[in-house]
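**Q** I'll drop the sequence and a predicted model, then ask my questions.
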2 protein chains.
Amino acid sequence: MPDAGTGLALETPQASAPVFQRLVVIGAGLIGSSIARIAHERGRPGGDLAAEVVVSDSSPAVLTRVAALGFADRIEADPARAVQGADCVMLCAPVGAFAGIAAAIAPHLQPGTIVTDTGSTKVSVIRDVAPLLPPGVRFVPGHPMAGTEYSGPDAGFTTLFQGRWCLLSPLPDTDPAALEQVSELWRRMGAMVECMDPAHHDRVVAVVSHLPHLIAFTICGTADGLAQDAKGDPSRAEVLKFAAAGFRDFTRIAASDPVMWRDVFLNNREALLEMLARFMEDAQIMAGAVRRGDGAYIEASILNGRRIRQGLIELQQA
Amino acid sequence: MPDAGTGLALETPQASAPVFQRLVVIGAGLIGSSIARIAHERGRPGGDLAAEVVVSDSSPAVLTRVAALGFADRIEADPARAVQGADCVMLCAPVGAFAGIAAAIAPHLQPGTIVTDTGSTKVSVIRDVAPLLPPGVRFVPGHPMAGTEYSGPDAGFTTLFQGRWCLLSPLPDTDPAALEQVSELWRRMGAMVECMDPAHHDRVVAVVSHLPHLIAFTICGTADGLAQDAKGDPSRAEVLKFAAAGFRDFTRIAASDPVMWRDVFLNNREALLEMLARFMEDAQIMAGAVRRGDGAYIEASILNGRRIRQGLIELQQA
């Protein structure tokens, strides 16, 4: 720090001080291990995200791997021990595990601690976690919309959240200061932060993420099942051989983590089933048009669907 | 040709001579314009694909564009005039136009001419074209499994078929010499050639290509329709903003040419509807599992679908 002591050109304390003193990451998969990596690599000792990063995971094998990878200042198998003295606890496990984790850690959270999360559903997380937190603990539900088809502690990387959205769904009584601290944490990890009502969040992600994943899992399963049926069907080898003709586009997201996605489907049930029902209606209407040879309907439907792609290109996201 | 006259190290006539003297490409979209570009750029005059490339298209605007792009030796609006003196005619229009084109050109084909095509369906193409061809004309139905989400004469490029499959579906009475000439043409364009029974071809492409496209068109339409429904739905702007969460993977193939795909759906009706029905069954079973909270079924289904992706990775296609 060449300018230390001159009083000139010092970084502001807000920019250089860590957002949290002790950040506890529970669940060291793709998301959790990325957060811990970023915190760890942003300058040690100290750093501008967290002065200390504690990582906990229910899997001993994962914790052993975390220790080997070296991105945690401390690892702790027991989440109740992990959260002691924490000023921020980030739940990064599959959302189906949140109620159990919240019950385990609640008695050990000190007043003022921020509890936040990275779960892909927000209504269920608030339902499962909020009632268990003791008074004085500040809850900031969150969802970084980032990921890859890889999972586990080796899959994380420090640029995962760069330029990606992180949606926060504060409760009516969420402390604004806590909301700002969590927002600042995500901004320092490169994310763009936006607040969204939990129920609306769940409907948005049902369309843009959960339904596409369900469809991708399903069509991969349909293709995989063909070879076991009557002869004359395309074989699995043929599906793989000719996958580049369109099928392959569906397989990337179908490789995502099964437990995480099982929990997402079970915890965004209503919105997902509604969006799936709409899609199935549309697919049935398309099937009817194909069956009766209604070329005008088919062409109009394709043109309609293309507008979404055009919108993406215009947004320069594509 | 430094070795000309020495009798040594000469290229074989088979390798240096063009496969065809006059190749007529009917339909100058992505596929047709790519073929014409390759033939044109493989050394003029002559080249090893075709000594002369004639391009015909039903759209005057497309033909004007082809003339400007300069990859045709000659352009011809009337397909009957275009095919005169041809030893190979390649049908590259949407498959719904094939019957009309075949009727128009049939009286003008000289005996021995090879007629081949690039249509994505083979049973319908054989049904529509074969009965119209005069005796002595040799028919070699084909399907290069290559494409992008772009269309029209500007979309073609010379490496489109490199390393891609071209499936040929010869009839029982297809002349083996004609089959070999068309195979050689595709090999010289970089493709890998394989023969497949027409009905089996249509079932294979229904799974690996037509069903994925139908699903992609449909989910894009479903998302596009949301904004017009009751309030509380995700808006179109939100779908676009957060598309990277999974939805975006579906939009690339949904941008494909509407007329081409309308014709494909209408001309592979039975196989497509059967594969769609299987997919819909699987999706309904998944919906039931989500509704009743059957986590074990959901997880097992996801794991099952992931096997396809694993197979792709093992094939190093992914």
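**A** Thanks, I have it.

**Q** can you list the weak-confidence ranges in chain A?
**A** A:1-15, A:43-46, A:227-231, A:316-318 (pLDDT under 70).

**Q** okay, now A:V207: neighbour count?
**A** 28 (other C-beta atoms under 10 Å in any protein chain shown). Bear in mind the C-beta positions are built from the backbone N, C-alpha and C, glycine included.

**Q** wait, it sits on B:R236?
**A** No - using C-beta atoms under 8 Å, A:V207 makes no contact with B:R236, being 10.3 Å away.

**Q** Please identify every residue contacting each of these two.
**A** Listed contacts common to A:V207 and B:R236 are B:A223, B:L226; contacts here mean C-beta atoms under 8 Å, 6 or more residues apart in numbering or on different chains.

**Q** What backbone torsions are found at whichever residue of the stretch 51-200 of chain A sits closest to chain B?
**A** Taking C-beta to the nearest C-beta, chain B has its nearest neighbour within the stretch 51-200 of chain A at A:M145, 4.8 Å off. The phi and psi values for A:M145, taken as degrees, to the nearest 10, are phi -90, psi 70.

**Q** Mind telling me what element A:L303 is part of?
**A** According to DSSP states H and E, A:L303 maps onto helix A:295-314.

**Q** which residues of the stretch 51-200 of chain A fall in helices?
**A** A:60-69, A:79-82, A:98-105, A:123-129, A:176-188, A:198-205 (DSSP state H, counting those that start in this stretch).

**Q** So which elements touch the third one?
**A** Looking back up the chat, that one is helix A:98-105. helix A:79-82, strand A:88-91, helix A:123-129 (3 or more C-beta pairs under 8 Å, 6 or more residues apart in numbering or on different chains; DSSP states H and E).

**Q** Buried residues, that helix. List them.
**A** Neighbour counts over helix A:98-105 (16 or more other C-beta atoms under 10 Å in any protein chain shown) mark A:F98, A:A99, A:I101, A:A102, A:A104, A:I105 as buried.

**Q** for the fourth one, what are its contacts?
**A** Under the criterion of C-beta under 8 Å, 6+ apart, the contact list for A:A102 reads A:L91, A:V115, A:D128, A:V129, A:L132, A:L133.

**Q** restrict these to contacts with chain B.
**A** Among the contacts of A:A102, no residue is within reach of chain B (C-beta under 8 Å from any C-beta of the partner chain).

**Q** Got a PyMOL select line for the buried ones in those residues?
**A** Entered in PyMOL, the line below selects the buried ones among those, by 16+ other C-beta under 10 Å:
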select buried, chain A and resi 91+115+128+129+132+133
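
**Q** Name the residue of the stretch 101-250 of chain A that lies nearest to chain B.
**A** Nearest to chain B, among the residues of the stretch 101-250 of chain A, is A:C220, at 3.3 Å (C-beta to the nearest C-beta).

**Q** I'd say that residue and B:S301 touch.
**A** No - here A:C220 lies out of contact with B:S301, judged by C-beta under 8 Å, at a distance of 9.3 Å.

**Q** Neighbour count for the two, which is higher?
**A** Legend: neighbour count by other C-beta under 10 Å for A:C220 and B:S301, higher for A:C220 (28 against 25).

**Q** what's the more buried one in contact with, if anything?
**A** Residues near A:C220 by C-beta under 8 Å, 6+ apart: A:F250, A:T251, A:A254, B:N304, B:G305, B:R306, B:R307, B:I308, B:R309.

**Q** switch the cut-off to 10 Å
**A** A:C220 is in contact with A:239, A:247, A:250-251, A:253-255, B:282, B:301-302, B:304-309, B:311-312, counting by C-beta atoms under 10 Å, 6 or more residues apart in numbering or on different chains.

**Q** sorry, back to before: please identify every residue contacting each of A:C220 and B:S301.
**A** B:D282.

**Q** Using TSV, lay out the helices and strands packed on helix A:98-105 together with distance to B:G225.
**A** Formatted as TSV, the helices and strands packed on helix A:98-105 follow (distance: least, C-beta to C-beta, whole Å):
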stretch	distance to B:G225
helix A:79-82	43
strand A:88-91	35
helix A:123-129	24
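
**Q** which of those is buried the deepest?
**A** strand A:88-91 (a mean of 26; mean count of other C-beta atoms under 10 Å in any protein chain shown).

**Q** circling back to that earlier point, show me which positions of the helix holding A:L303 end up buried.
**A** Buried, per 16+ other C-beta under 10 Å, within helix A:295-314: A:297-299, A:301-302, A:304-309, A:311-312.

**Q** Chain B next: which of those residues are close?
**A** For chain B, the contacts drawn from these by C-beta under 10 Å from any C-beta of the partner chain are A:297-299, A:301-302, A:304-309, A:311-312.

**Q** contacting residues for A:L133?
**A** Applying C-beta under 10 Å, 6+ apart to A:L133 gives the contacts A:V89, A:A102, A:I105, A:A106, A:L109, A:T113, A:V115, A:F139.

**Q** mind redoing it with 7 Å?
**A** A:A102, A:A106, A:V115, A:F139 (C-beta atoms under 7 Å, 6 or more residues apart in numbering or on different chains).

**Q** do the same with A:T159
**A** Per C-beta under 7 Å, 6+ apart, neighbours of A:T159: A:G190.

**Q** ok, 10 Å please
**A** A:T159 neighbours (C-beta under 10 Å, 6+ apart): A:S34, A:R37, A:I38, A:A146, A:M189, A:G190.

**Q** quick one: the nearest residue to the first one once chain neighbours are set aside from A:H143, how far?
**A** This means A:S34. Spatially, and ignoring its direct neighbours in sequence, A:S34 is nearest to A:G156 (3.7 Å; C-beta to C-beta, 6 or more residues apart in numbering or on different chains). Separation of A:G156 from A:H143 (C-beta to C-beta, to the nearest Å): 17 Å.
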